[in-house]
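Enquirer: whatever this is, show me its structure:
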Amino acid sequence: MLKKIVFMGTPFFAVPILKSLYQNGYPISVVYTQPAQKSKRGQRVNKSPIQGISETLNIEFRTPTSLKNNREEYEYLKKLNADIAIVVAYGQIIPKEILNLTKKGFINIHASLLPKWRGAAPIQRSIMNLDKQTGISIMKIDEKLDTGPVCNFYKLNIMNNDNAEIISDKLSALAAEKILDNIDEILENKLEFKEQAHEEATYAYKIEKSEGKIDWNNSAESIIGKINGLYPSPGAWFIYNGKRYKVLKAEISNGAGKVGAVLNDYLEVSCYDKSVKILEIQREGKRPQNINEFMLGSQIKKGSNLNNA
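Expert: Just a heads-up that it's a prediction; the model follows:
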């Protein structure tokens, strides 16, 4: 007998997982995703990536603003009587009464090695923290945030030049592969879900734009961690002569000088210990540029100090 599967997800990270299940013959009864958002100017409606792929694959989708105290969605899911729900970065809290409406529970694919980095921004926080390893956890959702028991972990090394976009793509591909190794065993009660070591938990709080400001008094390694962790959005940035500059790509170098000083004509900036060589940059209101192109018309020259701006 075919199983009924509910899928809940919203961003691009979730798309390969949904496609993997669909393309391998798993019947997706319905998809839940966040409602389409109007653009800032209100001229365009932006559908979530999951809504887009659901339309392409002709899968029914639903976009409630909230599941909390939502009688219509409760009755719909109760009537559906699904076997399992797969949740990937849905972006909403799923209430207790909803969690009881599938036979095998709600299974979440979380982008960290739990209990480390519970919460909204595990990929960004792990890179900013200079972690050498991350991964995915396949867990059963309970009432609290990412605290449920885990059946499997899959690890991924973070390389020096990996940014949040690269790690997101790698983890998404890993999850798309590994969910196929787990879903049947979960449905057949062949996997053991183990309690997390709650006392070891750390939290990946939502990223605030203000966190992107670069402090050149920090180590070069921590600055690179911020640049990579916040790429592509909201980005790491500094202010010079009243203009904001977003640093998109950079590397550590061995230059020395006063903290914040621009050491040469290629925008190498002295830090607490070494230096950061900026490779790609975006001035406020402008397109991204490689450093050679940017420096041709830039106000920032050798001898400028970005700490005084």
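Enquirer: in the longest strand seen in the chain, what's buried?
Expert: As assigned by DSSP state E, the longest strand anywhere in the chain is strand 243-253. For strand 243-253, the neighbour count (16 or more other Cβ atoms under 10 Å) marks Tyr245, Lys246, Val247, Leu248, Lys249, Ala250, Ile252, Ser253 as buried. To be clear about C-beta, it is placed using only N, CA and C from the backbone, and glycine gets the same treatment.
Enquirer: gap between the first one and Ile17?
Expert: Going from Tyr245 to Ile17 by Cβ to Cβ, to the nearest Å gives 36 Å.
Enquirer: ok so, going back, can you give the strand pairings for the longest strand of the chain, parallel or anti for each?
Expert: If you go by DSSP bridges, strand 243-253 pairs up with strand 236-240 (antiparallel), strand 275-283 (antiparallel).
Enquirer: any idea which of those is most buried?
Expert: Most buried of the strands paired with strand 243-253 by mean neighbour count (mean count of other Cβ atoms under 10 Å) is strand 275-283; its value is a mean of 21.
Enquirer: so after that strand, what's the next helix or strand?
Expert: For strand 275-283, the following helix or strand on the C-terminal side (DSSP states H and E) is strand 289-290.
Enquirer: report the distance from that next one to the chain centre.
Expert: Once both centres are worked out by Cα atoms, centre = their mean, to the nearest Å, strand 289-290 turns out to sit 25 Å from its chain's centre.
Enquirer: run through who's touching that strand.
Expert: By Cβ atoms under 8 Å, 6 or more residues apart in numbering, the residues outside strand 289-290 that reach it are Leu279, Glu280, Ile281, Gln282, Arg283.
Enquirer: please apply the same query to stretch 22-40.
Expert: By Cβ under 8 Å, 6+ apart, the list of residues contacting stretch 22-40 reads 2-10, 18, 21, 44-48, 50-51, 54, 57, 59-65, 80, 82, 90-92, 180, 183.
Enquirer: kind regards, and thank you for your time.
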